[in-house]
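Trainee: For reference, the sequence and a predicted model appear below.
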Amino acid sequence: MYPRLSDLINDLLGTDITLPIQSYGFFLAMAFVTGSYLLYRELDRKEKEGLINPTTKKITRGEPASILQLVTTFVFSLLIGFKIGGFILDYQRFAANPQEYVFSTDGSWLIGFLLAILYTFYFYYTKNKSKLDQPVKEEVIVHAREQALPILFIAVITSIIGAKVFHWFEYWDEFISDPLGSLLSFSGLTFYGGLITAFFSCAYYAKIKNISWRHLSDAVGPPLILSYGIGRIGCQVSGDGDWGIVNLQPKPSWLEFLPDWLWSYNYPHNILNEGALIPGCQGPHCFQLIDPVFPTPVYETLMTVVIFGFLWSIRKRIKIPGVLFAIYLMFNGIERFLIEKIRVNAEFELFGMTVTQAEVISTIIFTVGVVLLVLLLKTYKKPVKL
């Protein structure tokens, strides 16, 4: 496993560099970049086809910089510079644990003040350069594709919050034992918590921007399932604990063409330091699982790629808005329910059955998808062409 991106680079190239980029965070960033690009394309296509209308917003051009803007710019750039200075002057500590350093009180006030002064002057200069004797109020067109970044930003923030909260509900003892560490850690993100909170926040944003939630959800579905799969690559590469149950069974003969680690894997050098010490290993991550487990992140990545390919191939052929999203919900529910059968998760009793949080939510999401599909098909007279 490669907890940090530099671990992978060093292993491949034989170098000895240290980068402050965790593997999970890198693939999570790649997931958001991929998702935003696909969402941008879909929103642009839907506007060109007349399915989503552009909106307008009012701006004032030629205003000088206000005192509030200058103060806000100074304070914001001061804090950014303070941290950047700390990253530079104490790079090894920052690279060893980026999130801990980011949320600490350490940094460089000198570099912070220098950056704040320079950037605030630059902001004042650019605003003053475009200043008009009489500021002009204008109404500008905002194309659907330009909503991709605001939607992404809202989705990222609310999904992280939701993912954390749902994870705390599932592992309450872990949160109680170390609330601050649990809050600052990039691990412990429950996908369905993020999905639920992001859906409602984006739906609200779409409402105030007069964007049809049905067309928006159709545009979001395929990118979301692919982004989830890319994020699971980060889970596999870093060994963050999202693996399967112990698998001591011999690999079936019909899977002989696959490498052994795709059947069972012990996650050496996992970022959690779980398992037994690797003989002769030196460094911060020298543990591997005693018993090999199913590498479920790989399975989920493969399944999500297949689902994405199907959704992407039929997206232009479905004429009823909202149907594609309903199909996404059903596939999402099926995929997660199946993987839960061989995945490590906290269990609880429900109506006399032992279930996991994800099993319950995936069942609900599948049901919602079915109900939504039936309602949409009843609303429109023309059948869906697949």
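Mentor: Noted; the coordinates are in hand. If you're wondering where the values come from, they're calculated on a predicted model, not measured in any experiment. Numbers count the residues shown, from 1 in each chain.
Trainee: rest of the way, CA atoms for contacts and neighbours
Mentor: Noted.
Trainee: Name the helix or strand for Ile17, please.
Mentor: Counting by DSSP states H and E, no helix or strand carries Ile17.
Trainee: The nearest residue to Lys137 once chain neighbours are set aside in helix, strand or coil?
Mentor: Leaving aside its sequence neighbours, Lys137 sits nearest to Thr60 (Cα to Cα, 6 or more residues apart in numbering; 4.3 Å). Three-state call for Thr60 (DSSP: H, G, I helix; E, B strand; the rest coil): strand.
Trainee: Am I right that Thr60 is in contact with Leu132?
Mentor: No. If you go by Cα atoms under 8 Å, Thr60 and Leu132 don't touch, sitting 10.6 Å apart.
Trainee: Looking at those two, which one has more neighbours?
Mentor: In this view Thr60 and Leu132 are compared by other Cα atoms under 10 Å, and Leu132 has more residues nearby, 13 against 10.
Trainee: is it fair to say the more buried one lies in a strand?
Mentor: No. Assigned with three-state DSSP, Leu132 falls outside any strand and is coil.
Trainee: Now it. Its backbone dihedrals?
Mentor: Phi and psi for Leu132, reported as degrees, to the nearest 10, are phi -110, psi 150.
Trainee: pretty sure it is touching Gly62, no?
Mentor: Yes. Between Leu132 and Gly62 a contact is recorded at 4.6 Å, counting by Cα under 8 Å.
Trainee: on that earlier part again, residues contacting the residue nearest to Lys137?
Mentor: Residues in contact with Thr60 (Cα atoms under 8 Å, 6 or more residues apart in numbering) are 135-138.
Trainee: Spatially, which residue comes closest to the residue at the greatest distance from the centre of the chain, not counting chain neighbours?
Mentor: Distance from the centre of the chain peaks at Asp133, with 45.4 Å (Cα atoms, centre = their mean). Excluding its sequence neighbours, the residue lying closest to Asp133 (Cα to Cα, 6+ apart) is Gly62, at 7.7 Å.
Trainee: next one: phi and psi at that neighbour?
Mentor: phi 90, psi 10.
Trainee: show me what contacts it?
Mentor: 127, 130-136 are the contacts of Gly62 under Cα under 8 Å, 6+ apart.
Trainee: again, 6 Å this time
Mentor: By Cα atoms under 6 Å, 6 or more residues apart in numbering, Gly62 lies in contact with 130-132, 135.
Trainee: Out of those residues, give me the one that has the most neighbours.
Mentor: The most neighbours of any of those, using other Cα under 10 Å, belong to Lys131, which has 15 neighbours.
Trainee: does Leu376 count as helix, strand or coil?
Mentor: Strictly by three-state DSSP, Leu376 counts as helix.
Trainee: confidence score at it?
Mentor: You'll see Leu376 listed with a pLDDT of 92.
Trainee: and the gap between the residue farthest from the centre of the chain and Phe123?
Mentor: Asp133 sits at a distance of 19 Å from Phe123 (criterion: Cα to Cα, to the nearest Å).
Trainee: So which residues of the stretch 201-350 of the chain form helices?
Mentor: All helices of the stretch 201-350 of the chain, identified by DSSP state H, counting those that start in this stretch, fall at 213-238, 296-314, 323-340.
Trainee: Can you say which of those helices is packed in most?
Mentor: Comparing the helices of the stretch 201-350 of the chain by mean neighbour count (mean count of other Cα atoms under 10 Å), helix 213-238 ranks first with a mean of 24.
Trainee: Quick one: work out the angle between that one and helix 296-314.
Mentor: Computed by axes from the mean of the first three to the mean of the last three Cα atoms, to 10 degrees, the angle separating helix 213-238 from helix 296-314 equals 150 degrees.
Trainee: Am I right that Tyr355 falls within a strand?
Mentor: Not Tyr; residue 355 is Val. Yes. Counting by three-state DSSP, Val355 is located in a strand.
Trainee: Let me know how buried it is, in neighbour terms.
Mentor: If you count neighbours by other Cα under 10 Å, Val355 ends up with 17.
Trainee: what do you get for Gly280?
Mentor: So Gly280, with other Cα under 10 Å, has 6 neighbours.
Trainee: can you check the one 3 residues further on too?
Mentor: Burial measure for Gly283: 7 neighbouring residues, criterion other Cα under 10 Å.
Trainee: Just read off the phi/psi values of it.
Mentor: phi 130, psi -180.
Trainee: And Gly239, by the same measure?
Mentor: Taking degrees, to the nearest 10, you get phi 70, psi 60 for the backbone angles of Gly239.
Trainee: So it is in contact with Leu272, correct?
Mentor: No. At 7.2 Å, Gly239 does not count as touching Leu272 under the criterion of Cα atoms under 6 Å.
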